[in-house]
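>>> Provide a 3D model corresponding to the input given below.
(one chain, ligands or ions: 2)
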Amino acid sequence: MFSHNSFNKHRVRELKGRNITHRGPVVYWMSRDQRATDNWALTYSILKANELKVPLSVVFALSPSFPSANLRHYDFLIKGLAEVEQKLKSKGISFNLLQGEPAEQVWKFGERAEASLIISDFDPLFIKRKWKNLLNQQINIPHHEVDAHNVVPCWYVSQKLEFGAHTIRPKIKKLLSTFLTEFPDLSLQFKNEPNPHLTRWHEVMGWLNPSNDVKPVKNFIPGEKAAHEALNDFITNRLNGYSVRRNDPTLNGQSNLSPYLHFGQLSAQRVAFEVLKSSAPEADKQALLEELIVRRELSDNFCYYNPAYSNFSGFPDWAKETHRIHRFDVREYLYTLQEFELAHTHDPLWNAAQLELMHTGKMHGYMRMYWAKKILEWTTCPEEAMRFAIYLNDKYSLDGRDPNGYTGIAWSIGGVHDRAWPERPIFGKIRYMNFDGCKRKFDVGKYIKANLR
Ligand code: FAD
Ligand code: FO1
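Ligands and ions are numbered 1, 2, ... in the order given. I've put the predicted structure just below:
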């Protein structure tokens, strides 16, 4: 079903073109794609190490100040990395956890190891591009970047900001057969000396000393193994009927894969393979692939080509105009960030969604739209709504701090990738959602009861 398993050269691009002068190892700077299998950046790193007849070292630069990251996120990330280290070790690939400012840490490691080549994995977010620019100013080692997150590489599927799913979908569909290919099973020819000791993971959290007001979640087990179990559970028990059940917050109808996809502990391409191979109805498979590939890659496109992805100025012109006209409409309710955070609004449905987010680390996808749109309605202006929604989503959501989040919030508040709707107070032409609309879609009483703790 999936043809050739070679590495497609459009998955990689040179961030720092240089001829190779050092004779040290190839260094894969792992960041977004924190997994030892189904990882095109790792595949490319092994190919280059074998070509250059040198070993391969994988590094992960752990920043103690990753924006909005707290104990909940670092706990999930670090437990996942401990599993990656074990798996790489079994493949003769060394893993080094670097602790501190990433660009500086990778630069020092690369210089000390006299790396012949540095490879990183693609991420459209500002913080990653800043790290890579800083690194490229310091090193005189070639640096290549692989898109290991998207099925079709972000820079290849489109060279511009897309208007919406309807414009990027045909471009993705056309390229799926080229890029939805099996991962080659490569082994390293020049293995590192087996490194006797493993990273002292139990000391890492002490060193990080993250803010601990947001506790780790219990309903998601971190790591590649748990990610594959979650995928199998979804395909076996819940893919059938997904197209209908996924929008009902009272059902467990979604895949629940986003925390694993966000931290790169699971490959979206692996999800697509397994879904396509399954015996589920075509409508359910297509519905999942639409979200997993079209919507997710549209988010990377938005964050990559629109540097203002997390604020008002990133909205389309028609949305900025409609917000300008309605900026001073009377707000019937106004809440502070703290009132939102404590779920102290007048709306039990909104409060239930906020409590679900805080306690489980994952709000149902349908409720996320309602939740963000009500923040627009109950704040003084759209700029404040963006700040509040991003703050709460990134602080509590396991899958937060992600292009999908910034895009989902910009869709809800700023009409990004959406069209204009009949005009109304405060929202102007931004798509409106309300309690009665939810009541028509699902049993709101059941959802409220399930989440009020
Ligand atoms: P499923 O419905 O099972 O979807 C499977 C996968 O498809 C998801 O894991 C995700 O990778 C992708 N996907 C699904 N819906 C979308 C979408 N609308 N946009 C982009 N990709 C999608 N997603 C995040 O990963 N992190 C976030 O912080 C986040 N914040 C959001 C905030 C708002 C206001 C909105 C409206 C959406 C947000 N989303 C976010 C998108 C979407 O709601 C989640 O990806 C989805 O609910 C994750 O749960 P799931 O994996 O069970 O989803
Ligand atoms: N990536 C890193 O390379 N180093 C980090 O220290 C790091 C911390 C971190 C904390 C929370 C979180 O949600 C993500 C974090 N990431 C880190 C990045 C993450 O792996 C993803 O690449 C992006 O957040 C998604 O684009």
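>>> please see if the least confident helix or strand in the chain by mean pLDDT touches ligand 2.
When the helices and strands of the chain are scored by mean pLDDT, DSSP states H and E, helix 201-208 comes last with a mean of 94. No - contact of helix 201-208 with ligand 2 (C-beta under 6 Å from any ligand atom) is absent, the minimum separation being 8.8 Å. C-beta here means a position set from N, CA and C on the backbone, and glycine is covered the same way.
>>> pretty sure Ala389 contacts Ala372?
Yes - between Ala389 and Ala372 a contact is recorded at 4.9 Å, counting by C-beta atoms under 8 Å.
>>> is stretch 376-396 in proximity to ligand 2?
No - Stretch 376-396 does not reach ligand 2 (C-beta under 6 Å from any ligand atom); its nearest approach is 8.0 Å.
>>> Lys171 - how many residues pack around it?
Lys171 has 16 neighbouring residues, counting by other C-beta atoms under 10 Å.
>>> and for Ala389 and Ala372, which residues touch both?
Taking C-beta atoms under 8 Å, 6 or more residues apart in numbering as the criterion, Ala389 and Ala372 both touch Ile409, Ser412, Ile413.
>>> state the distance from the first one to Ala230.
Look at Ile409 and Ala230: by C-beta to C-beta, to the nearest Å, they are 25 Å apart.
>>> who has more neighbours out of those two?
Ile409 (27 against 19).
>>> for the nearest residue to His228 once chain neighbours are set aside, give its distance to Gln34.
Distance criterion C-beta to C-beta, 6 or more residues apart in numbering; nearest residue to His228, sequence neighbours excluded, is Leu266 at 7.1 Å. Using C-beta to C-beta, Leu266 is found at 10 Å from Gln34.
>>> neighbour-wise, which of those two wins?
Leu266 (27 against 24).
>>> what residues are up against the more buried one?
Leu266 makes contact with Arg35, Asp38, Glu224, Ala227, His228, Ala230, Leu231, Leu257, Tyr260 under the criterion C-beta under 8 Å, 6+ apart.
>>> which parts of the least confident helix or strand of the chain are buried?
Neighbour-count burial for helix 201-208, counted by 16 or more other C-beta atoms under 10 Å, picks out Val204, Leu208.
>>> using PDB, write down the CA coordinates of the following helix or strand past that helix.
Counting by DSSP states H and E, the next helix or strand C-terminal to helix 201-208 is helix 224-233. Output in PDB follows, covering the C-alpha atoms of helix 224-233 (Å, rounded to 0.1, in the frame of the first residue of the first chain):
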ATOM      1  CA  GLU A 224       6.300   6.200  22.700                       C
ATOM      2  CA  LYS A 225       5.000   2.900  24.000                       C
ATOM      3  CA  ALA A 226       1.900   4.500  25.600                       C
ATOM      4  CA  ALA A 227       1.400   6.600  22.500                       C
ATOM      5  CA  HIS A 228       1.200   3.400  20.300                       C
ATOM      6  CA  GLU A 229      -1.100   1.800  22.900                       C
ATOM      7  CA  ALA A 230      -3.400   4.900  22.700                       C
ATOM      8  CA  LEU A 231      -3.300   4.700  18.900                       C
ATOM      9  CA  ASN A 232      -4.200   1.000  18.900                       C
ATOM     10  CA  ASP A 233      -7.000   1.600  21.400                       C
END
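>>> hmm, who's touching the following helix or strand past helix 224-233?
Counting by DSSP H and E, the next helix or strand C-terminal to helix 224-233 is helix 242-245. The contact list for helix 242-245, computed with C-beta under 8 Å, 6+ apart, reads Arg238, Leu251, Gly253, Gln254, Ser255, Ala280, Pro281, Ala283, Asp284, Gln286, Ala287, Leu288.
>>> residue nearest the centroid of this protein?
His262 (3.3 Å; C-alpha atoms, centre = their mean).
>>> tell me the contacts of it?
Neighbour list for His262: Leu398, Asp399, Gly400, Arg401, Asp402, Asn404 [criterion: C-beta under 8 Å, 6+ apart].
>>> next one, pLDDT for the nearest residue to His22 once chain neighbours are set aside please.
Nearest non-adjacent residue to His22, counting by C-beta to C-beta, 6+ apart: Glu114, 4.1 Å away. Per-residue confidence at Glu114 stands at 96 (pLDDT).
>>> Leu266 now?
Reported pLDDT for Leu266: 98.
>>> now do the SS call for it.
Three-state call for Leu266 (DSSP: H, G, I helix; E, B strand; the rest coil): coil.
>>> what parts of the stretch 101-250 of the chain come near ligand 2?
Counting by C-beta under 6 Å from any ligand atom, the residues of the stretch 101-250 of the chain near ligand 2 are Pro102, Asp123, Leu125.
>>> and what of the stretch 351-453 of the chain?
Within reach of ligand 2 by C-beta under 6 Å from any ligand atom, the stretch 351-453 of the chain has these residues: Arg401, Asp402, Pro403.
>>> would CSV of these with pLDDT be doable?
As requested, these are exported to CSV (pLDDT from 0 to 100):
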residue, pLDDT
Arg401, 98
Asp402, 98
Pro403, 98
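>>> can you redo those as a markdown table with secondary structure and neighbour count?
Shown next, in a markdown table, are these (DSSP: H, G, I helix; E, B strand; the rest coil; neighbours: other C-beta atoms under 10 Å):
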| residue | secondary structure | neighbour count |
| --- | --- | --- |
| Arg401 | coil | 21 |
| Asp402 | coil | 25 |
| Pro403 | helix | 24 |
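>>> so which elements touch the one helix or strand Tyr447 maps to?
Per DSSP H and E, Tyr447 falls inside helix 444-451. Here helix 444-451 touches helix 348-360, going by 3 or more C-beta pairs under 8 Å, 6 or more residues apart in numbering; DSSP states H and E.
>>> please state the mean pLDDT value computed over the helix or strand just after the helix it packs on.
Per DSSP H and E, the first helix or strand lying C-terminal to helix 348-360 is helix 365-377. For helix 365-377, mean pLDDT rounds to 98.
>>> how about stretch 172-179 against ligand 1, any contact?
No - using C-beta under 6 Å from any ligand atom, stretch 172-179 stays clear of ligand 1, coming no nearer than 13.0 Å.
>>> for Asn232, give its distance to ligand 2.
Asn232 sits at a distance of 24 Å from ligand 2 (criterion: C-beta to the nearest ligand atom, to the nearest Å).
>>> right, and Gln354 touches Leu392 too?
Yes - judged on C-beta under 8 Å, Gln354 makes contact with Leu392 at a distance of 7.4 Å.
>>> between the two, which contacts overlap?
Residues touching both Gln354 and Leu392 (C-beta under 8 Å, 6+ apart) are Phe340, Glu341.
>>> let me know whether Ala450 touches Thr250 as I believe.
Yes - the pair Ala450 / Thr250 is scored as a contact, 7.0 Å apart, by C-beta under 8 Å.
>>> quick one, domains of this structure?
As recorded under automatic domain parsing, the domains making up the chain are 4-149, 153-185+223-305, 312-451.
>>> and those domains: which comes nearest Met205?
domain 4-149 (6.6 Å; C-beta to C-beta).
>>> nice, that's everything, thank you.
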